[in-house]
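Asks: From the sequence below, what's the structure:
(one chain, ligands or ions: 2)
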Amino acid sequence: MPVYPINLDLSGRHCACIGGGSVAARKVEDLLQAGALVTIISPVLTSALQQLVQAQKIIHIAQQYQPGVIGAFFMVICATNNKAVNRAAAEEARSKGALVNVVDAPELCDFTVPSKMTRGDLLITVSTGGKSPALAKKLRLELEDRYGPEYGTYLEWAGAIREQMKNRLETSKEREYFWQQTLDDEVLSLLRQGRLKDAEEKIKYAIGSTGLKS
Ligand SMILES: C[C@@]1(CC(=O)O)C2=NC(=C\c3[nH]c(c(CCC(=O)O)c3CC(=O)O)Cc3[nH]c(c(CC(=O)O)c3CCC(=O)O)/C=C3\N/C(=C\2)[C@@H](CCC(=O)O)[C@]3(C)CC(=O)O)/[C@H]1CCC(=O)O
Ligand SMILES: NC(=O)c1ccc[n+]([C@@H]2O[C@H](COP(=O)([O-])OP(=O)(O)OC[C@H]3O[C@@H](n4cnc5c(N)ncnc54)[C@H](O)[C@@H]3O)[C@@H](O)[C@H]2O)c1
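Replies: Ligands and ions are numbered 1, 2, ... in the order given. Got it, this is the predicted structure:
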């Protein structure tokens, strides 16, 4: 079944994770990065998760999953090492309206988690439809080599300039021409070499010459 890819803003959303092992720790780290308020239900936690509890970054309900323990959550990740428990928790969570991920049963997931890399606001994700998470990881490592920190820097600049250019250039043709001038490999290559001033000059030149055309 083809899936619908989205980027969820989880800030202020209550999310739960059932189980506190290494897979749970990876998922919880990403939930926190997306601004979620995380509750974890598990008798035992990894040391990384224990540290998050001590730092009051997550809430810990120190018990095994039991029917009725899942409250109203926007999202629930079932990540114990017990298939029957994951299945029961998933069923309860879904019946209470949560989006559900089950780490050992792709067929029971409302959503799966892709492999990801970021460069500032640039986010590149890889999914294999659950067929090979190891391949997703391999591709992610290749992408990390291919797309360096210069893309984050470029994006910062592009975001700021784009706002300016929306006001300065009236037609979409002019804006299109401008981005053809600036979004080129030369600027990215200058940024990669750490030649920020030269890259800035090139962009300033493009802004100036595009402005003259308007
Ligand atoms: C991408 C990543 C994101 C993340 O978890 O953050 C992620 N798995 C990662 C790694 C990884 N997972 C596994 C291995 C061992 C090698 C292998 O088995 O292939 C490795 C590699 C490693 O650890 O080196 C084992 C595994 N994974 C699943 C099962 C159950 C099953 O298949 O039935 C089993 C068998 C467990 C067992 O045998 O007991 C299921 C899922 N794993 C997914 C995501 C979803 C599908 C994503 C997609 O479409 O590809 C899905 C469906 C559900 C979900 O978890 O959302 C993360 C990469 C992080 C990175 O980039 O480094
Ligand atoms: N989706 C993925 O990316 C992925 C990757 C590797 C493994 N897996 C699967 O995920 C499962 C979990 O892997 P792990 O390495 O985190 O396991 P783990 O053994 O490190 O941790 C299991 C956790 O579940 C908790 N737990 C056990 N029974 C529970 C219960 N009844 N209620 C609440 N918590 C309970 C334990 O206390 C422990 O914290 C594995 O069984 C494997 O099938 C998924």
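Asks: Just the residues contacting the least confident helix or strand in the chain by mean pLDDT, thanks.
Replies: Using mean pLDDT, DSSP states H and E, helix 196-213 stands out as the lowest-scoring helix or strand of the chain, at a mean of 75. The contact list for helix 196-213 (C-beta atoms under 8 Å, 6 or more residues apart in numbering) reads 153, 157, 161, 164-165, 168-169, 174, 177-178, 181-182, 186-187, 190-191. In this view, the C-beta of every residue, glycine as well, is placed from N, C-alpha and C.
Asks: Now, those that are in helices?
Replies: Using DSSP state H, the subset of the contacts of helix 196-213 located in helices is 153, 157, 161, 164-165, 168, 174, 177-178, 181-182, 186-187, 190-191.
Asks: What is the nearest of the residues you listed to residue 37?
Replies: Comparing those against residue 37 with C-beta to C-beta places residue 153 closest, at 31.7 Å.
Asks: where's that closest one relative to residue 123, distance?
Replies: Distance, residue 153 to residue 123, using C-beta to C-beta, to the nearest Å: 16 Å.
Asks: out of these two, which sits in the busier spot?
Replies: Using other C-beta atoms under 10 Å, the more surrounded residue of residue 153 and residue 123 is residue 153, with 19 against 11.
Asks: measure that one to residue 196 for me?
Replies: Remark: distance between residue 153 and residue 196 (C-beta to C-beta) = 8 Å.
Asks: quick one: the least confident helix or strand of the chain to chain centroid distance?
Replies: The chain centroid and the centroid of helix 196-213 are separated by 32 Å, computed with C-alpha atoms, centre = their mean, to the nearest Å.
Asks: hmm, back to that, which of the ones in helices among the contacts of helix 196-213 are buried?
Replies: Taking 16 or more other C-beta atoms under 10 Å as the criterion, what is buried in the ones in helices among the contacts of helix 196-213 is 153, 157, 161, 165, 174, 177-178, 181-182, 187, 190-191.
Asks: before we move on, back to that, relative orientation of the least confident helix or strand of the chain and helix 185-192 in degrees?
Replies: Calculated by axes from the mean of the first three to the mean of the last three C-alpha atoms, to 10 degrees, helix 196-213 forms an angle of 150 degrees with helix 185-192.
Asks: now could you export just the CA positions of helix 196-213 as PDB?
Replies: Provided in PDB are the C-alpha atoms of helix 196-213 (Å, rounded to 0.1, in the frame of the first residue of the first chain):
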ATOM      1  CA  LEU A 196      31.400  32.200   2.800                       C
ATOM      2  CA  LYS A 197      32.300  35.700   1.600                       C
ATOM      3  CA  ASP A 198      32.700  34.600  -2.000                       C
ATOM      4  CA  ALA A 199      29.400  32.800  -1.900                       C
ATOM      5  CA  GLU A 200      27.700  35.800  -0.400                       C
ATOM      6  CA  GLU A 201      29.200  38.000  -3.100                       C
ATOM      7  CA  LYS A 202      27.800  35.800  -5.800                       C
ATOM      8  CA  ILE A 203      24.300  35.900  -4.300                       C
ATOM      9  CA  LYS A 204      24.500  39.600  -3.800                       C
ATOM     10  CA  TYR A 205      25.500  40.000  -7.500                       C
ATOM     11  CA  ALA A 206      22.500  37.800  -8.500                       C
ATOM     12  CA  ILE A 207      20.200  40.000  -6.300                       C
ATOM     13  CA  GLY A 208      21.600  43.200  -7.800                       C
ATOM     14  CA  SER A 209      21.400  42.000 -11.500                       C
ATOM     15  CA  THR A 210      17.900  40.500 -11.000                       C
ATOM     16  CA  GLY A 211      16.800  43.700  -9.400                       C
ATOM     17  CA  LEU A 212      17.900  45.600 -12.500                       C
ATOM     18  CA  LYS A 213      15.800  43.400 -14.700                       C
END
